[in-house]
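# Sequence plus the predicted model coming up.
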Amino acid sequence: MSAPDYTPPMRALQDRFETRRLADKIAEHVFHEELKEDEADLITNAMFFFMATTDAYGRPQCSYKGGPRGFVKVIGPAELVFPLYEGNGLYLSAGNIADKSRVGLLFIDFEAQKRTRVNGVADLIDDHPALVDTAAAQLGVRVRITDIHPNCLRNVHKMQFVETSSYTPKSDDQDVEKAPWGESFRDVLPAHMRPAHLR
């Protein structure tokens, strides 16, 4: 993001709180378009991130994406890929990517109290060499990075990892535990989403 990319409302607030010159300097010296080594490390070691998308009507979606450590792959200085695992069947984020393509990703390491924001243009992919070890993925997402916003640690609470979710894919030869859908969904669940008690 460069200074001209700030919208008029952003500028109005910067002027109100006397941060216009600060915002210009941050845009010039802090925002960038290619991942630095520490940012790539944060991303490739992540076990989760948050993804923001919008639909055709401008309505936002913010979703949590989790997986085994390393499920997000950096495949270039300004490009990354990650799998989309089976979810609730709504495909809100995936549908928004197919429609509008713009995404905002937030990576946080609560133990190290680090975070960075990555914005880019995304597309859905059926396969990619970097996703070869994620057989549980239904689709992949490739993101071409447009801008990176590193953030300070302020207000990033220090937390400790306890254990991986039982629903997280672990390897190609292991079945992923199915979501605990209730009896009322039996008649609409496709076979591949049914937990054992509904088969």
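Ah, there it is.
# before we move on, what SS does the most centrally placed residue in the chain have?
The centroid of the chain falls nearest to residue 51 when counting by C-alpha atoms, centre = their mean (3.8 Å). When classified by DSSP: H, G, I helix; E, B strand; the rest coil, residue 51 comes out as strand.
# Now the closest residue in space to residue 66 that isn't next to it in sequence: phi and psi?
Nearest residue to residue 66, sequence neighbours excluded (C-beta to C-beta, 6 or more residues apart in numbering): residue 48, at 4.1 Å. Glycine gets a C-beta too; all of them are placed from N, C-alpha and C. Backbone torsions for residue 48, taken as degrees, to the nearest 10, come to phi -170, psi 160.
# Please enumerate the strands of this structure.
Assigned by DSSP state E, the chain shows strands spanning 48-54, 60-66, 73-76, 79-85, 102-109, 114-125, 137-151.
# Just put the ones you listed in CSV and tack on mean pLDDT and distance to residue 35.
Putting the strands of the chain into CSV (pLDDT from 0 to 100; distance: least, C-beta to C-beta, whole Å) gives the following:
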stretch, mean pLDDT, distance to residue 35
strand 48-54, 98, 14
strand 60-66, 96, 18
strand 73-76, 96, 6
strand 79-85, 94, 8
strand 102-109, 98, 11
strand 114-125, 96, 8
strand 137-151, 93, 7
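# for the ones you listed, which one ends up most surrounded?
Of all those, strand 79-85 has the most neighbours on average by mean count of other C-beta atoms under 10 Å, namely a mean of 21.
# Give me the contacts around that strand.
With C-beta atoms under 8 Å, 6 or more residues apart in numbering as the test, strand 79-85 has contacts from 43, 65, 67, 71-75, 93-94, 118, 124-125, 128, 130-131, 134, 136-145, 169, 176.
# what's the angle between that strand and strand 48-54?
Relative orientation of strand 79-85 and strand 48-54, computed by axes from the mean of the first three to the mean of the last three C-alpha atoms, to 10 degrees: 90 degrees.
# Which strands border strand 79-85, and is each parallel or antiparallel?
strand 73-76 (antiparallel), strand 137-151 (antiparallel) (DSSP bridges).
# Any idea which of those gets closest to residue 104?
Nearest to residue 104 among these is strand 137-151 (9.3 Å), distances taken as C-beta to C-beta.
# Work out the gap between the closest one and the centre of the chain.
7 Å (C-alpha atoms, centre = their mean, to the nearest Å).
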